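just coords:
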């Protein structure tokens, strides 16, 4: 049941951090599962491609790919197939992360692929205007992350609250069914609370959890601020 | 011991074929292991990223990624990290497959990454001249595959023997340590025998095995032609 | 005065057709100028990069680049700088043509560059949904062109009128200031009339003019159908 | 006659510097022509695409594109066609500059295009090994430029003489007909003399000429060091 996506959600992007690779990816996933069980907050995990299967096997949390390609089954060496991701037990995928930007036509085609195989789409955007833009393509979630704040420890909800509120406003206008997350610079539970107060329904976090000394403690702080809200 | 790369070698590229995805990838891997055990011919497997871990766990055969990125551990969402591939138990990677062509500078950087983490590099090329070219970068293996023959059932060793002999000649001149494979259009054991007679030390095959009705039978035919040589 | 963009507009994309390269580009531009003078219909020209200066020098019509890059003045070898295009006398640029698709973030950044140097932005899109999407980024014009019809001689206004009317509707809802053009498959004046009847304010045409035996005759037919509307 | 390429050669890459855009590109070209006439040293110019025609019309010096695409005449919006560059009067093109890196297969295809239209190919590389690599593809010239020195003012012939001598050695071994240039960090005539002493037959320079206060003076210093050699 924990593998089902619920709102609000904290999605942890493992990127290609050595602290979240291979066995360490599984270990981090188990810490997240513990926090999720204790707080009843939904925590999603986005490990590297090769770690999706071991992570999905190890824990009962919703697992996301960090990217999928637009291709269908066939002659595509070195690509990431939606069906293959689905078969691992993963439930969704990030799309258009600032470290993996896509052509507009490919964002559209990737969202279409997620619908075909029943994966949840989480499209990353940099600004309120781009969030409105992407909302027209009807993804399941949009995660607004000003790229210049990613990895800085300066939380978007403090540094650029207007980007977050702007994104929430325009996305909901265009398409009230789209869930809006925010990310970039989150390091403390209070950053999560601030994000939720601005109207988002969750956060996308990476280094703030993965690269901290005590991920359990920090993730617990994040989750408690979700429930406290 | 079977996971060690030995020459001659048959490498099976699973691409993103539905016949070689998820559970079917593991099943195909077990068929290949059976053939390898019966014939003592080295058979390498190149499954999709998400299937590398289950395949490497299921069989004792050398497993290859279909591609890795040039990036190092860090903030790179949606990329394929050499260290992560290595940790799965995989022993090597394809590079620059015709369905995943790379910038020249990135072929060079990818080979460097494989050396850093001790993976075997198998660089794909289209012509004899490009094989000579890539040999200068000192990869472990070069697989020459005229792209126009891939998936056609017309074996390169018959249709373009001069590409194969030319590649063997120029690669060995430039760098006698580089192993030369060939691929494209292989469907029968005799195609493998022909490839070896032209001086190659193995083959790279995809649809000829993956999409056939009886992969065990065809792969056995391939392997027997290796030992018979 | 003819170099000023007026609505309705016919924009002729010269692509890299040999019939519209070098001296032939200038010749075609003069034919277009003649038609524009005779009919008082605004005709824009989008020649290849190297032909922009000679074309802009030869005729008094609004000239467009086929693409610009997002870069600013500096160390960018082999890129297309907005300022350089502006200095030629060109007045605008195509963006995201189906033969030169861009990342979403780069469409946004390219539109921003056109504003900085005062060029008119014409963003190409494939569907009504993508048109709505791009309208959020506030370009000057959107040209909706189903890629599967480009070069076919099957006019979009007949084959897919719902794409055109859909695009007009959603674009104007999102942003009434954006001019909507349509393209793909146009070969006769009546195709232009049909496009205008569906609510567009002009057309983007390529092979229908460039590759025809008598461009003067066909372009005149296009222009007369604009005025007749 | 000055438009003919002679060895040794100084090629000035205008990049997208504002100091070498539009009218300023033509002005800089005339300065280069003056130096070439006074010293009888061959000076090549590589302006932006839109400035190729005005520069080629204004001076009698060999003009190069900064890049061309692999495409042939046809439906390729926003691409750079070899035939179009040729028709401007340009005599060659840079290929694979560190700011415009290409896929290996595309370097090969671009060199093939230059042969088809009789343009001189100047392929940029970063290291001696990559120079050997590219020499196998039989370009007309190779310009070795360690990217980390580009724009630094630290001349490659001083900072990394082994890269230059290594490149000259391996290129000439593989293909004695290929002309080797070097670049990166050149700011003074003595840097050119040093490059020639290491066995190169010319230099590729950008900011060292374009961004200097008195391009005439510095370029004259460059050219005099060529003749003095």
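Arrived safely. For clarity, every value in this text was computed on a predicted model and none was experimentally measured.

Now do the one helix or strand residue A:122 maps to: everything it contacts.
Per DSSP states H and E, residue A:122 falls inside strand A:120-125. Contacts to strand A:120-125, defined as C-beta atoms under 8 Å, 6 or more residues apart in numbering or on different chains, come from residues A:5, A:11, A:62, A:64, A:91-98, A:107, A:110-111, A:114-115, A:131, A:133-134, A:137, A:139-145, A:167, A:181, A:183, A:204. Quick note: C-beta positions are derived from backbone N, CA and C, even for glycine.

Now the buried members of the residues you listed.
A:5, A:11, A:62, A:64, A:91-98, A:107, A:110-111, A:114, A:131, A:133-134, A:137, A:139-145, A:167, A:181, A:183, A:204 (16 or more other C-beta atoms under 10 Å in any protein chain shown).

contacts with chain B among the residues you listed, please.
A:94, A:97-98 (C-beta under 8 Å from any C-beta of the partner chain).

Report the entries of those residues that also contact chain C.
Near chain C, taking C-beta under 8 Å from any C-beta as the test, the members of these found are residue A:98.

From the ones next to chain B among the buried ones among the contacts of strand A:120-125, pick the one nearest chain B.
Chain B lies nearest to residue A:97 out of these, by C-beta to the nearest C-beta, at 4.1 Å.

That closest one - nearest residue in space that isn't next to it in sequence?
residue B:77 (4.1 Å; C-beta to C-beta, 6 or more residues apart in numbering or on different chains).

Share the number of residues neighbouring the nearest residue to residue A:171 once chain neighbours are set aside, please.
Spatially, and ignoring its direct neighbours in sequence, residue A:171 is nearest to residue A:135 (4.4 Å; C-beta to C-beta, 6+ apart). Residue neighbour count, defined by other C-beta atoms under 10 Å in any protein chain shown, stands at 26 for residue A:135.

what sits against residue A:135?
With contact set as C-beta under 8 Å, 6+ apart, residue A:135 has these partners: A:142, A:170-171, A:174-175, A:178.

One more: residue A:81?
Residue A:81 is in contact with A:68-69, A:71-73, B:16, B:21, B:48, counting by C-beta under 8 Å, 6+ apart.

Report how many residues lie close to residue A:214.
Neighbours around residue A:214, by other C-beta under 10 Å: 10.

can you pull the contacts of it?
Contacts of residue A:214 by C-beta under 8 Å, 6+ apart: none found.

Could you do the one 3 residues further on as well?
Contact analysis of residue A:217 by C-beta under 8 Å, 6+ apart lists nothing.

Tell me the spacing between it and chain C.
For residue A:217, the distance to chain C (C-beta to the nearest C-beta, to the nearest Å) stands at 35 Å.

Then residue A:180?
15 Å.

If I follow the layout properly, that residue ends up in contact with residue A:171?
Yes. The pair residue A:180 and residue A:171 qualifies as a contact (C-beta atoms under 8 Å) at a distance of 5.2 Å.

returning to that earlier point: out of the contacts of residue A:81, which comes closest to residue A:156?
residue A:68 (25.3 Å; C-beta to C-beta).

Quick check: helices, which of the buried ones among the contacts of strand A:120-125 are part of them?
A:107, A:110-111, A:114, A:131, A:133-134, A:167 (DSSP state H).

quick revisit: if I pick the residue nearest to residue A:97, what's in contact with it?
Per C-beta under 8 Å, 6+ apart, neighbours of residue B:77: A:13, A:15-16, A:46, A:66-67, A:94, A:97-100, A:206.

What's the ChimeraX line that selects buried ones from those?
Of the contacts of residue B:77, the buried ones go into a single ChimeraX selection, burial set by 16+ other C-beta under 10 Å:
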select /A:13,15,16,46,66,67,94,97,98,99,206
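
quick one: which of the contacts of residue B:77 is nearest residue A:154?
residue A:206 (14.2 Å).

where does that closest one fall, phi/psi-wise?
When read as degrees, to the nearest 10, the backbone of residue A:206 gives phi -130, psi -90.

measure it to residue C:109 for me?
23 Å (C-beta to C-beta, to the nearest Å).

The ones in helices among the buried ones among the contacts of strand A:120-125: which ones sit near chain C?
With C-beta under 8 Å from any C-beta as the criterion, these include A:107, A:133-134 near chain C.
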